[in-house]
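Undergrad: Here's my sequence, what's the structure:
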Amino acid sequence: MPSARADARTFRRVARAPRVARGARRAARRRATSTRLSATTETTTTTTTTATTETTTRRGEHAIATTARADAASRLATTTTTETRRARELRRALPDAPAPVVDASARASIAIERTLGPAWERYAPARVRETVAAQARAERASGYALYAGDLGPEAELAIYAAAAFYLIAKPGVVPWAFDQTVANAVGRALERRFDAASVRRGRRLGAGSFGTVFEAEDSKSGRTVVVKQSNAVEGASELQNAEAYINRRVARAPLVAAGCAKFLGTYYEVEGARSPCLVWAREEGDATLEDFLEDRGFPDALEDALGIRARDGDDEAKRANRCAKKIMRDLLGTVAALHDIGIVHRDLKPSNLVLMGKRFKLIDFGAACDLRSGENYDPEQGLLDPKYSPPEQFIMSEKTPAPPPLVAGVLAPLLWTIAQPQLFDSYSAGLILLQLGVPQLRGKNVMAPNGAFQRRLEDAGYDLRKWRADVESALNWDFSALDVNGGIAWDLACRLVTKRNILRRGRLDVGAALAHPFLLA
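TA: Alright, predicted model coming up:
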C-alpha cells in the first residue's frame, strides 16, 4: 500500500510538471510585456518632455528675436526721426548747402553725441556743461548767427571752424591745456622718487658750461643711471630747472620720448638746493655721433652700430649715404614730434646724439625752450652752439615779448605760424647731414664759427650750391655720398641749410623734410 501511494504521488507530480512550466513561461511573458510597456511609457514621456522643452525654447527664442527686432526697429525709427529733425534744422540754418552735405552732417553730429555723450556727461565739469548748453541755446535762438549777425549761418559756421582749427593748430591750445592738467598730474604721480643717499656717483661721462654728467648707481633699485648736476656758475641753476621741466614734458609725449634718453626723475643733492639733479636711465652704449664722425674707419663702425649690412659692390659713398639716411630719418622724426608739442631744441649737434641700441637718441635739453608756456625763452638771449646755429641766431624776433604761461599757451599757434621758430632746428639738422655726407666736414673743429667752412658759407650768402662750387673748384672736396641716386640727399641738405627770407621762411621744416624723396627712398 505505501508503495502504491508513493507511485500515485510521483505520477501526480509528473503530470503537474508541464502545467507548472507553462505557468512559469506565462509569468515570464507577462513580466517582459510589463517591462516593454514601462520602457515605452518612459520613452514616450521623455520624448514628450523633450519636445515640450524644445517647443518652449523655440517660442522663447522667437519671442527674444521678435523683441530684438522690435527694439532695433524702434531705435532705427528714433534714429531716423532724430536725423530727419537734425537735418531739417541744419537745412533751415544753411539753406544754400547741398542736401547730401546737410544729411551727412546730421548723421555725423548724432554719431558724435552718442559716442562722446556719456563721457561728456560723466567727466565734464558741471560749469563747462552749463556753459556749452547755454551757448547752444543762444545759437538756436539767434538762428545760428550769434556772432555773424546779418552775415548768416554760413559765416557763423566759418567762425566756429576757424576757432576749432586754431585750437588744434600746431603746437595746439587744446593739447597744451590737456598736458598742463591731466597729463602733468599723471606724469608727476608716475615719476620715480630718488634721494641723494641712495644715488652713488661713478665716473664722469661729460661736462658742459652749465652742467656735469656722471654715471651712477641707484642702491634702491640696483640699476645704473645717468645723473646731471648743475655747475656752480651764474645761470646754471635756472637752466637746470628749465631742463627738468622740458624733460618732464618730453616724458609725457610718447612719440618724442621714444627718440630721447629715458628721463626717470630728479632729486636734491642737499636740502634747499636751487636746482635738482636730473636722472636718466643708463642704456646700452654711450658713443656719440661725433665719435663716429671722427673715426678714421668711417663708415665701418657706424654700419655695425646701426645694424646696417654692407651690400656687395657698394663703395664708401653708397654706404655713407645709407647710414646718413637712417640717422636723419630717426633724428628728424624725433625733432618733428618735439616741435608738435611746442618745444624747440636749439642745440642739435652730433655730440648730443648718443647711440642707444641700434639708433641715436637725442639728449641735452638745457637750451630747449617750450613756446607753449614760455619756459626757458628769453627774446634777448640766445642759447646755442655757434658751430651749428643758423645765421639768425634767435628762434624768433628779439622784439617778441616773453608772455606769461597762460597767454603763451593761448597765443602759441599764432606765434608759431608767424615766426616759424622750428626752422631754427632745421638748419642744425642740415649741417649734421652735410657732415655725414662730406668727409672734409668730419674733423673736430671744422665747424668752428671762425673756420673756413663757416666763412665760405657766409660769403656764399648761405647758398649751399654756390658754396659747393667754390670748395669743389678750390679745395676738391668730395660730395659723392650726397650725390648717390641723383643727388637727392644733396637736394635735402640745400633745402635745410639756407637763410630765411624776409617772411622768416624759405627753409624746409623738419616735418616736411620727412616726406623728402631721400628719406622715403
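Undergrad: Does residue 477 touch residue 437 like I think?
TA: No: contact criterion CB atoms under 8 Å: residue 477 and residue 437 do not qualify, at 10.6 Å. To be clear about C-beta, it is placed using only N, CA and C from the backbone, and glycine gets the same treatment.
Undergrad: what residues are shared contacts of the two?
TA: Common contacts of residue 477 and residue 437, defined by CB atoms under 8 Å, 6 or more residues apart in numbering, are absent altogether.
Undergrad: So these two - more neighbours on which side?
TA: residue 437 (26 against 16; other CB atoms under 10 Å).
Undergrad: Please give me every residue in contact with that one.
TA: Contacts of residue 437 (CB under 8 Å, 6+ apart): 320, 321, 324, 479, 481, 482, 489, 490, 493.
Undergrad: Look up the residues forming beta bridges with residue 355.
TA: residue 360 (DSSP bridges).
Undergrad: Tell me which residue is most central in the protein.
TA: In the chain, the residue lying closest to the centroid (CA atoms, centre = their mean) is residue 255, at 4.2 Å.
Undergrad: and the next element down the chain from the strand or helix carrying it?
TA: Element membership for residue 255, per DSSP states H and E: helix 254-257. Using DSSP H and E, the helix or strand that follows helix 254-257 in sequence is strand 263-267.
Undergrad: outside of the helix or strand following that following strand, which residues touch it?
TA: Sequence-wise, the next helix or strand downstream of strand 263-267 (DSSP H and E) is strand 277-281. The contact list for strand 277-281, computed with CB under 8 Å, 6+ apart, reads 192, 194, 196, 199, 216, 218, 223, 225-229, 240, 243-244, 247, 261-269, 363.
Undergrad: redo that, cut-off 7 Å
TA: Applying CB atoms under 7 Å, 6 or more residues apart in numbering, the contact partners of strand 277-281 are 194, 225-229, 243-244, 247, 261-267, 269.
Undergrad: cool, stretch 327-337 as well?
TA: With CB under 7 Å, 6+ apart as the test, stretch 327-337 has contacts from 253, 255-256, 259-260, 289, 345, 348, 353, 359-360, 362, 425, 429, 433, 436, 510-511, 513-514, 519.
Undergrad: How far off centre is that stretch?
TA: In terms of CA atoms, centre = their mean, to the nearest Å, the centre of stretch 327-337 is set 14 Å apart from its chain centre.
Undergrad: Can you flag the buried ones in the contacts of stretch 327-337?
TA: With burial judged by 16 or more other CB atoms under 10 Å, the buried subset of those is 253, 256, 259-260, 289, 345, 348, 353, 359-360, 362, 425, 429, 433, 436, 510-511, 513, 519.
Undergrad: Pull out the buried residues from stretch 156-167.
TA: Buried, per 16+ other CB under 10 Å, within stretch 156-167: 156, 157.
Undergrad: How about stretch 104-118?
TA: Here stretch 104-118 shows 105, 106, 109, 110 as buried, counting by 16+ other CB under 10 Å.
Undergrad: tell me the secondary structure for the spatially closest residue to residue 374 that is not a sequence neighbour?
TA: Sequence neighbours aside, residue 408 is the residue nearest to residue 374 in space, at 4.0 Å (criterion: CB to CB, 6 or more residues apart in numbering). Put simply, residue 408 is helix when judged by DSSP: H, G, I helix; E, B strand; the rest coil.
Undergrad: who are the neighbours in contact with residue 408?
TA: 371, 372, 373, 374.
Undergrad: I'd like the residues you listed as a markdown table, with distance to residue 464 and pLDDT appended.
TA: Output for the contacts of residue 408, formatted as a markdown table (distance: CB to CB, whole Å; pLDDT from 0 to 100):
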| residue | distance to residue 464 | pLDDT |
| --- | --- | --- |
| 371 | 28 | 90 |
| 372 | 33 | 89 |
| 373 | 35 | 88 |
| 374 | 34 | 87 |
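Undergrad: re the thing from before, look up how far residue 319 lies from the residue nearest to the centre of the chain.
TA: For residue 255, the distance to residue 319 equals 30 Å [CB to CB, to the nearest Å].
Undergrad: Same check on residue 476?
TA: With distances taken as CB to CB, residue 476 is found 21 Å from residue 319.
Undergrad: cool, residue 269 as well?
TA: In terms of CB to CB, residue 269 sits 46 Å off from residue 319.
Undergrad: same deal with residue 119?
TA: Residue 119 is 53 Å from residue 319, where distance means CB to CB.
Undergrad: Those two: who's more crowded?
TA: With neighbours defined as other CB under 10 Å, residue 119 and residue 319 compare such that residue 319 has more, 20 against 9.
Undergrad: who touches the closest residue in space to the more buried one that isn't next to it in sequence in this structure?
TA: Nearest non-adjacent residue to residue 319, counting by CB to CB, 6+ apart: residue 299, 5.1 Å away. Residues in contact with residue 299 (CB under 7 Å, 6+ apart) are 319, 320, 323.
Undergrad: continuing past the worst-scoring helix or strand of the chain on mean pLDDT, what's the next helix or strand?
TA: In the chain, the helix or strand scored least confidently by mean pLDDT, DSSP states H and E is helix 2-93, which has a mean of 61. As assigned by DSSP H and E, the chain's next helix or strand after helix 2-93 is helix 99-123.
Undergrad: Having no further points to raise, I will conclude here.
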